[in-house]
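Asker: Let's see this in three dimensions:
(chains A and B)
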Amino acid sequence: MRRRLGVPITAALAVLLLDVCPHTAVHAAGDPQGAVQPDQTLAIVVNQSNPVANLTLQELRTVFLGERSHWPNGRRITLVMLEPGQPERKAILREIYRMNENDFSRHFLQGLFTGEVFVSPKTLATPVGVRKFVFNVPGAIGYVRASDVDESVKVIRVDGHLPEDKDYGLRLQPHAVK
Amino acid sequence: MSSFAKHVVRGGASGSLPLVDRFLYEVSRYSSTLLLLMVFSVETGVVIFVIRDMRAADNEVQRMYVGSVLGLRSIGGLQYDAQETRRSTLYALTTNDSNLQVEYADQSRAADRRVTDGISDYLAHARAPREIDLGRRLQDDWHAYLKVRDEVLASILEGSNKEAVDYDLTGGVPSFDRVRQDLEEIKRLYDEQASQRLAIVDASSRRSTGRLVGVLCFTLLFASVSIWVIQRSKMLSALKLAKLQMDFVASVSHELRTPLAVISASAQNIADGVVEEKEQLAKYGAVIRNHTRQLTELVNQILLFASTREGRIHYILRPLKVEQIFESVLRNTREVVQEAGFTVESSIEAGLPGIVGDASALSQCLQNLLGNAVKYGGSHRRIHLRAFLYKSDDPRAEEIRISVEDRGIGIDSSDLPHIFEPFYRSPAVAAAQIHGTGLGLPLAKSIAQAMGGRITVVSKIGVGSVFILHLPVLKKGSWQTEALGPDLLTRQ
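Answerer: I've put the predicted structure just below:
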């Protein structure tokens, strides 16, 4: 009888934990050794025709800040961002831009006005939209969770690492994982 | 047969070819119903064949026609989807919302996939060189347009609308125009094919109508000929029967008149006192007795034949020994044989098994055969009556054969097929003034068949004839005489 009551209580606690802190909970429950979960990492995606396969975090920052206008193959760079408030966008602002939303907006308004920034980011509502945009635009670069990646886009390495690698730096909740 | 056929041709079918009447005579031996059934079967077979042929041709043509219509419909679909591809691409120009632009891009790509699949399908089904060339050209032009479309879409999504419009005007419009022309050309090709197939349908329909009319005419002609054949064969049968009956009446009249005249003359002489001596009286008495017996026999034959034809005769079957039958036959024919100066040599194989039959009928059957042997036995005046067992590897084929053999005038080969027909008398026999009714052999045959047997004949002109009566062997245990009594079975 005691054993029968124990199962629903454990399940209820697990649901509660998931509701409060879903990503941390899943990571903690499913990955005790600290292995990378695809829905916890951000993949930087480009068009399949883009020859670039690896970027350093610094190069990535340059691209995302709009300070670089073209890819080595001559294609114009187009930045794709998710709408404000989404966890992926928050992670990018934190890990690459190292800015908040206001600083981000100011950077682009000012940069476009002064001519220091060559690229105005495109904003899409969903990761699927991001993926489709990147698929249609040869010079596009964007980000989605690693679990949202499919064969229509190409994932590039950041500092030589892919999202599934242990040392990959772009994570949704870097502190929680550590 | 031949003499009769000649006679019939002369008497009833003046102007017709003898061969035709010979054929019709053969036909007349079968019933009209059977002939009609045969004709109907042939007609039905021909009609079914023609209908199947027509339906197969029509189905094929309809299938071809439907193929053209479906092809036209699918080309219509391709035209629409190609327009949709371009339309959706250009719709993306109307908004700055990247989400909407992605949706338009999606729509454009979905439409272009349908077009690409449609072109592949067209190429997969293309058979004629012109179709294949056209399909390949369309495929190339479509791919060329898609390259431009991709650039236009990319430019729109990047936000470079001017660039997108430039791309479209310089590359998109001409390449899409080529695609449109290709599709129009394919449509024209389908139109042409549809027209050709319609013409084929029309020709096939006319051909089918022609065939149908042909079959109807053939049917009408065949039916008319069949009716003519049936009518003519019936008429020939009637003529033959009438001729036989006339011959029979003439023959019977003659057969009746001759003994009656002799009896009458003899009786008159006795009545007039012309004959007084005892020896002469005895001689006259014998003449009257013989001719009376001859008359009685003739009347009996006629009555028996009539009974056989009407099915009024009932045979009483029982196990018999051949010796019993021989004894009866020889006893009943002794006087006739002796008067004619003939000798009958009879022999029965030792250990011959019994038979099953009606003793009286079998005796009558053999008497008829023996009487014929006397009548047509010629100058040799010796008749052999034999009974023996015919053995075979197959026990079921074993039978008892009773042969009546004479060395007389023989039977012409043309007469042989007809000697068992009622009233038939060979013209040669009639010409030789040999009296007869033409009923003896038919009666014998009828009796043999009623006993489960048959009669065969081998004869050669000037050499003689052998008539063989074939009878089934009485098997041991198959006939329980003691249990069932003497009268065991009646057979009509």
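Asker: Can you tell me the element the residue nearest the centre of chain A falls in?
Answerer: Centroid-nearest residue in chain A: A:Leu42, 3.2 Å away (criterion: CA atoms, centre = their mean). A:Leu42 belongs to strand A:42-47 when assigned by DSSP states H and E.
Asker: average model confidence for that strand?
Answerer: For strand A:42-47, the mean pLDDT works out to 95.
Asker: List the strands paired with it, with their directions.
Answerer: Using DSSP bridges, the strands paired with strand A:42-47 are strand A:140-145 (antiparallel), strand A:153-155 (antiparallel).
Asker: Report all helices and strands that the helix or strand B:Glu255 falls within contacts.
Answerer: Using DSSP H and E, B:Glu255 maps to helix B:173-271. Where contact means 3 or more CB pairs under 8 Å, 6 or more residues apart in numbering or on different chains; DSSP states H and E, helix B:173-271 is packed against helix B:2-12, helix B:18-28, helix B:32-91, helix B:129-158, helix B:278-310. Backbone N, C-alpha and C define where each C-beta goes, glycine included.
Asker: and of these, who's closest to chain A?
Answerer: Checking the helices and strands packed on helix B:173-271 against chain A by CB to the nearest CB gives helix B:129-158 as the closest, at 4.7 Å.
Asker: Flag every buried residue along the helix or strand following the closest one.
Answerer: Sequence order places helix B:161-167 as the next helix or strand after helix B:129-158, per DSSP H and E. For helix B:161-167, burial by neighbour count (16 or more other CB atoms under 10 Å in any protein chain shown) applies to B:163-165, B:167.
Asker: Against which helices or strands is helix B:161-167 packed?
Answerer: Looks like helix B:161-167 contacts helix B:129-158 (3+ CB pairs under 8 Å, 6+ apart).
Asker: ok, 10 Å please
Answerer: helix B:32-91, helix B:129-158 (3 or more CB pairs under 10 Å, 6 or more residues apart in numbering or on different chains; DSSP states H and E).
Asker: Please produce TSV containing those, extended by mean pLDDT, mean neighbour count and distance to chain A.
Answerer: Output for these, formatted as TSV (pLDDT from 0 to 100; neighbours: other CB atoms under 10 Å in any protein chain shown; distance: least, CB to the nearest CB, whole Å):
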stretch	mean pLDDT	mean neighbour count	distance to chain A
helix B:32-91	79	15	10
helix B:129-158	94	19	5
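Asker: Including distance to A:Ala91, could the ones you listed go into a markdown table?
Answerer: Converted to a markdown table, those look like this (distance: least, CB to CB, whole Å):
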| stretch | distance to A:Ala91 |
| --- | --- |
| helix B:32-91 | 34 |
| helix B:129-158 | 24 |
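Asker: In contact with the residue nearest to B:Ala373 when sequence neighbours are not counted, which residues?
Answerer: Nearest residue to B:Ala373 in three dimensions, chain neighbours excluded: B:Asp406, at 4.0 Å (CB to CB, 6 or more residues apart in numbering or on different chains). B:Asp406 is in contact with B:342, B:369-370, B:372-378, B:380-384, B:459, B:463-467, counting by CB atoms under 10 Å, 6 or more residues apart in numbering or on different chains.
Asker: B:Asp406 pairs with what?
Answerer: As for beta bridges, B:Asp406 partners with B:Ile383, B:Ser465 under DSSP bridges.
Asker: distance of it from chain A?
Answerer: From B:Asp406 across to chain A, the span is 110 Å (CB to the nearest CB, to the nearest Å).
Asker: which one of the strands paired with strand A:42-47 has the most crowded surroundings?
Answerer: strand A:140-145 (a mean of 24; mean count of other CB atoms under 10 Å in any protein chain shown).
Asker: would you list every one of the strands in chain A?
Answerer: Secondary structure of chain A (DSSP state E): strands at A:42-47, A:54-55, A:78-82, A:122-124, A:140-145, A:153-155, A:157-158.
Asker: residues contacting residue 131?
Answerer: Chain wasn't specified; assuming chain A. Per CB under 10 Å, 6+ apart, neighbours of A:Arg131: A:45, A:80, A:124, A:142, A:144, A:148-150, A:152-153, B:102.
Asker: um, chain B though
Answerer: Contacts of B:Glu131 (CB under 10 Å, 6+ apart): B:71, B:122-123, B:125, B:186, B:189-190, B:193.
Asker: And for A:Phe135?
Answerer: Neighbours of A:Phe135 in contact, by CB under 10 Å, 6+ apart: A:45, A:47-48, A:150-154, B:102, B:105-106, B:109, B:157.
Asker: one more time with 7 Å
Answerer: A:47, A:152-153 (CB atoms under 7 Å, 6 or more residues apart in numbering or on different chains).
Asker: Averaged pLDDT, the helix or strand hosting B:Leu471. What do you get?
Answerer: Taking DSSP H and E as the criterion, B:Leu471 maps to strand B:464-472. Across strand B:464-472, pLDDT averages out at 93.
Asker: Output the below-cut-off pLDDT ranges for the stretch 151-300 of chain B.
Answerer: The stretch 151-300 of chain B contains residues with pLDDT under 70 at B:251.
Asker: typed the wrong thing, it's chain A
Answerer: For chain A, the ranges with pLDDT under 70 are A:1-36, A:174-178.
Asker: Could I get the contacts of A:Arg131 in CSV, plus columns for distance to A:Ala91?
Answerer: Formatted as CSV, these follow (distance: CB to CB, whole Å):
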residue, distance to A:Ala91
A:Val45, 14
A:Val80, 15
A:Leu124, 16
A:Gly142, 13
A:Val144, 11
A:Asp148, 13
A:Val149, 15
A:Asp150, 20
A:Ser152, 22
A:Val153, 18
B:Val102, 22
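Asker: Do I have it right that B:Glu84 meets B:Ala111?
Answerer: Yes: B:Glu84 is in contact with B:Ala111 according to CB atoms under 7 Å; the separation is 3.9 Å.
Asker: Run through the residues that contact B:Leu19.
Answerer: Counting by CB under 7 Å, 6+ apart, B:Leu19 has no contacts.
Asker: again with A:Pro163
Answerer: A:36, A:38, A:41, A:43, A:146, A:155.
Asker: Any chance of a PyMOL selection covering the buried ones in those residues?
Answerer: A single PyMOL command selects the buried members of those (16+ other CB under 10 Å):
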select buried, chain A and resi 36+41+43+146+155
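Asker: ok, the contacts of A:Pro163 vs chain B, which is closest?
Answerer: Closest to chain B, out of all of the contacts of A:Pro163 and judged by CB to the nearest CB, is A:Ala43, at 18.5 Å.
Asker: What helix or strand is the nearest residue to B:Val329 once chain neighbours are set aside located in?
Answerer: In space, and not counting its chain neighbours, B:Val329 is closest to B:Leu366: 4.5 Å by CB to CB, 6+ apart. In this assignment (DSSP H and E), B:Leu366 forms part of helix B:359-375.
Asker: and the angle for that helix with helix B:278-310?
Answerer: Going by axes from the mean of the first three to the mean of the last three CA atoms, to 10 degrees, helix B:359-375 is angled at 120 degrees with respect to helix B:278-310.
Asker: how much distance is there from helix B:359-375 to the middle of the chain?
Answerer: 38 Å (CA atoms, centre = their mean, to the nearest Å).
Asker: Okay, angle between it and strand B:464-472 too, please.
Answerer: 170 degrees.
Asker: Do me a favour and average the pLDDT over helix B:359-375.
Answerer: Rounded mean pLDDT across helix B:359-375 is 90.
Asker: Next, the buried residues of it.
Answerer: Along helix B:359-375, these residues count as buried under the neighbour rule (16+ other CB under 10 Å): B:359, B:361-375.
Asker: before we move on, what about stretch A:105-118?
Answerer: A:107-108, A:111, A:117.
Asker: and that stretch with chain B, contact?
Answerer: No: Stretch A:105-118 lies apart from chain B when judged by CB under 7 Å from any CB of the partner chain; the minimum separation is 12.0 Å.
Asker: So what's the gap between that stretch and the chain middle?
Answerer: Using CA atoms, centre = their mean, the offset of stretch A:105-118 from its chain centre is 23 Å.
Asker: Can you list the neighbours in contact with it?
Answerer: So stretch A:105-118 is in contact with A:65-67, A:69, A:99, A:120-121, going by CB under 7 Å, 6+ apart.
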